[in-house]
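Q: Model the following, please.
(one chain, ligands or ions: 2)
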Amino acid sequence: MSTTIILDCDPGIDDALAIAFAAGSPEIELAGLTTVAGNVELAKTTANALAVAAFVGLGSVPVTAGCATPLLRPALHAAHVHGDTGLGGAVLPAPARQPEPGHAIDFIIESAAAAPGEITLVATGPLTNIGLALRREPRLASWVRDFVIMGGSASRGNVSPAAEFNIWADPEAAAIVFAAGWPSGVRMIGLDVTLLARATGAVQDRMRTLGELGSLLLLPALAQYFDSADDSAEPGAEPPVHDVCAIVSIADPSVFSYTPALVQVETQGRLTAGMTVTDFTKSIIPNARVATAIAADRFWDVTLDAYQSVASRMG
Ligand code: RIB
Ligand code: CA
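A: Numbers count the residues shown, from 1 in each chain. Ligands and ions are numbered 1, 2, ... in the order given. Next comes the predicted model:
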């Protein structure tokens, strides 16, 4: 029985690899993609979502654009990490279709309202759309089956010593999201585990056997990718595929283990804005399940199997 998800994303190299995983995993049914500004501007994240979806066989999945700027702060992007297009060195056919009319937050709200308890909402970019959707319709938190983010960190940041990019890009939206009262809490897949999900040489060798999926998307995208937390790493040298972790956590829950925590987002700190201040003490009332361990070998077994499935379909 597959899990139906809506993925709110900012493609973005690792977002693109997450979409490719969703296309290949029998455990995932992608009901919609919504886009937000983050790694690159909204027009590019939206065009990339359309192009990647078409390339991996998800051309009928609706793509709906969302917020072009954070709630309060100026938009700051990461083209130095994801390249000017947002897909690193990958050059895909231009999308043949346009995004859906309307706004991402309405797509998310209306989809969840129409299927209460059935949709898992996943966010792999800044939480601007999710925060605004919660302000527009607070019942959204009770309508979804689960809520999963790639974001935050219980330890170190990557954009600053304190903050991970998705939270740092819009801390006010993230604060709304963590305080929204999700029945099962926020399932936070943060840097604590995603920095261990690295596309090693052996993994990239497997990608080389995956036809055009490997040669036109996976490898050229990863070739430029690095994480600011790896301040000495060369681009393409074992890059962490952060966002893929969020979708794999749904496809195979055994890959990650979690610790309940109270997560609060710092929005005022001159040096710590965007920090997910994570309290694991037993006396707290948790609002999140924080991923604290990853079975990395199993992660890549599941991920490469899904990519193989996409590659086989692409012929
Ligand atoms: O910190 C990593 C996260 O920020 C990933 O989602 C990446 O795509 C960027 O959005
Ligand atoms: Ca992302």
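
Q: Could you list the contact residues of this structure toward ligand 1?
A: Counting by CB under 6 Å from any ligand atom, the chain comes close to ligand 1 at 10, 12, 14-15, 38-39, 124-125, 150, 158, 164-166, 242-243. Placement of C-beta: from N, CA and C, glycine included.

Q: Return the subset of these lying in helices.
A: If you go by DSSP state H, these have 14, 15, 165, 166, 242, 243 in helices.

Q: Which among those residues count as buried?
A: Burial by neighbour count, 16 or more other CB atoms under 10 Å: within these this picks out 14, 15, 165, 166, 242, 243.

Q: Pull the lengthiest strand in the chain out as CSV, backbone CA atoms only.
A: Identified as the longest strand of the chain according to DSSP state E is strand 256-265. Output in CSV follows, covering the C-alpha atoms of strand 256-265 (Å, rounded to 0.1, in the frame of the first residue of the first chain):
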residue,chain,number,x,y,z
PHE,A,256,15.7,6.3,10.2
SER,A,257,15.2,6.4,14.0
TYR,A,258,13.8,9.3,15.9
THR,A,259,13.9,11.0,19.3
PRO,A,260,10.9,13.1,20.6
ALA,A,261,11.9,16.7,21.2
LEU,A,262,10.7,20.2,21.7
VAL,A,263,11.9,22.2,18.7
GLN,A,264,11.7,26.0,18.8
VAL,A,265,13.0,28.3,16.1
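
Q: Show me what it pairs with in its sheet, parallel or antiparallel.
A: Strand 256-265 pairs in its sheet with strand 276-279 (antiparallel), strand 288-294 (antiparallel), by DSSP bridges.

Q: Which residue is it, in the stretch 101-250 of the chain, that comes closest to ligand 1?
A: residue 165 (3.6 Å; CB to the nearest ligand atom).

Q: Quick check: that residue touching residue 153?
A: No: using CB atoms under 8 Å, residue 165 makes no contact with residue 153, being 10.2 Å away.

Q: Show me the strands in the stretch 101-250 of the chain, by range?
A: Assigned by DSSP state E, counting those that start in this stretch, the strands in the stretch 101-250 of the chain fall at 119-123, 146-150, 186-189.

Q: partners of the shortest one in the sheet?
A: Strands adjacent to strand 186-189 in the sheet, as given by DSSP bridges, are strand 146-150 (parallel), strand 288-294 (parallel).

Q: Any chance of TSV for these, columns mean pLDDT?
A: As requested, those are exported to TSV (pLDDT from 0 to 100):
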stretch	mean pLDDT
strand 146-150	98
strand 288-294	98
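
Q: Under the pLDDT cut-off, which ranges of the chain? List them.
A: Scanning the chain for pLDDT under 70 picks out nothing.

Q: Good, we can wrap up now.
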